[in-house]
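Asks: how would this look folded up:
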Amino acid sequence: MAGSPKAPDASARWFAKVEGGRLTADEQRAFADWLGEADNARAFDELEQGWEALGEAGGDRELLRMRSAALRTASGPSRRAIFGMAGGAAAAAAAGGIGLMMAGAAQATIRTGLGERLTTSLPDGSRVTLAPLSKLRVGYGGSKRAARLDEGQAYFEIRQGKPFKLIAGEQVAECAGGRFQVSLDGERAQILLEEGALQVAAEAGGARPLAIRAGQLLSGPALAPAVTTTTDAEGLTAWRSGRLVFDDEALDDVVAAFNRYSRDQLVLAQPELGSIRISGSFRYDGAREFAQAMQAAFGLSVRQVGASTWSIAAASTT
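Replies: Coordinates of the predicted model:
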């Protein structure tokens, strides 16, 4: 836009307004438009990262409550987050992988698409990271801290305070603070607790809540879940740093995981290949490199069959 301030100067101005929670509805729309320019989005992102590096104002809870969240994904173009704001206001910017949830928004819906990973702050300063193809509905208001995971996988870092309640599939988890991961498979939830304490119960009732301790993993049907101690929390949460970790898992399951996290898609040309066992740690945006590694390690044939699709076949297949 002709005559507009340079990106660094304007980003400082916008940052001050956003951090102070002083944006009107018109300013929210103007800010979203401004973020639509790649240079502007980059300048704002750099400024916000610098602020985080200084310790986010020394942990000032009131400022953290008011601050907006710069949403980031790890890689790839066309990254976006869609928010439904209280009062009908909405602001989002896909360019540069940055979206905006305004301070004080009581209701928000956060989505990620194929190959998208997104981290954002919640209104109380807690943080959530969504895996690809995930949907989280947030509901804050008064003393209420609540969210519902409708699809996918999410990692929560909940600040200590009044109870935070998460509904995921058929389960309801509640804590006063801590770090935990929830993964949905249909209506079944797998819950890994890394720090703190969780109370987990079936949403439909009929069973006593289970107390989950750090290092424990809950899985299975809501009315009769299994609770086990895991030694692989790092592997289970490795997707947060852009990696997938497999320990003697079937190639069928490995391909399904890559196809969820990567824009490059893998296809097994013969069903029997799915029984090959795989172990290792791989970048989840490296599906094609994984396919090529399969070619070298197992003597398979790999060929590109689409713009971003790779077929893995027995070597004799043409």
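Asks: Compute the number of surrounding residues for Gly141.
Replies: Residues near Gly141, counting by other C-beta atoms under 10 Å, number 12. Where you see a C-beta, it was placed from the backbone N, CA and C, and this is true even at glycine.
Asks: Give me the phi and psi for it.
Replies: Backbone dihedrals for Gly141, given as degrees, to the nearest 10, come out at phi 170, psi 130.
Asks: Dig out what it forms beta bridges with.
Replies: Beta-bridge partners for Gly141, by DSSP bridges, are Lys144.
Asks: tally of neighbours for the closest residue to Glu187 other than its chain neighbours?
Replies: Distances taken as C-beta to C-beta, 6 or more residues apart in numbering place Gly169 nearest to Glu187, at 4.1 Å, with adjacent residues excluded. Neighbours of Gly169 under the rule other C-beta under 10 Å: 21.
Asks: check contacts around Gly169.
Replies: Leu149, Leu184, Gly186, Glu187, Arg188, Ala189, Ala222 (C-beta atoms under 8 Å, 6 or more residues apart in numbering).
Asks: Just send those residues back as JSON lines, with distance to Gly196 and neighbour count too.
Replies: Shown next, in JSON lines, are these (distance: C-beta to C-beta, whole Å; neighbours: other C-beta atoms under 10 Å):
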{"residue": "Leu149", "distance to Gly196": "18", "neighbour count": "24"}
{"residue": "Leu184", "distance to Gly196": "21", "neighbour count": "20"}
{"residue": "Gly186", "distance to Gly196": "26", "neighbour count": "8"}
{"residue": "Glu187", "distance to Gly196": "25", "neighbour count": "12"}
{"residue": "Arg188", "distance to Gly196": "22", "neighbour count": "16"}
{"residue": "Ala189", "distance to Gly196": "17", "neighbour count": "25"}
{"residue": "Ala222", "distance to Gly196": "21", "neighbour count": "22"}
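Asks: ok, those residues vs Ala173, which is closest?
Replies: Checking the contacts of Gly169 against Ala173 by C-beta to C-beta gives Ala189 as the nearest, at 8.0 Å.
Asks: Adjacent strands (with direction) for whichever strand or helix holds that closest one?
Replies: According to DSSP states H and E, Ala189 maps onto strand 188-202. In the sheet, strand 188-202 lines up against strand 171-175 (antiparallel), strand 178-185 (antiparallel), strand 210-213 (antiparallel), strand 216-219 (antiparallel) (DSSP bridges).
Asks: Which of those has the highest mean neighbour count?
Replies: Highest mean neighbour count of these: strand 171-175, a mean of 22 (counted as mean count of other C-beta atoms under 10 Å).
Asks: quick revisit: residues of the strand holding Ala189 that come out buried?
Replies: Within strand 188-202, the residues that count as buried by 16 or more other C-beta atoms under 10 Å are 188-194, 196, 198-202.
Asks: Ok, stretch 220-239 next?
Replies: Buried residues in stretch 220-239 (16+ other C-beta under 10 Å): Ala222, Pro225, Val227, Ala233, Leu236, Thr237, Ala238, Trp239.
Asks: Stretch 139-155 now?
Replies: Buried positions in stretch 139-155, judged by neighbour count with 16+ other C-beta under 10 Å: Tyr140, Arg145, Ala146, Ala147, Arg148, Leu149, Glu151, Gly152, Gln153, Ala154, Tyr155.
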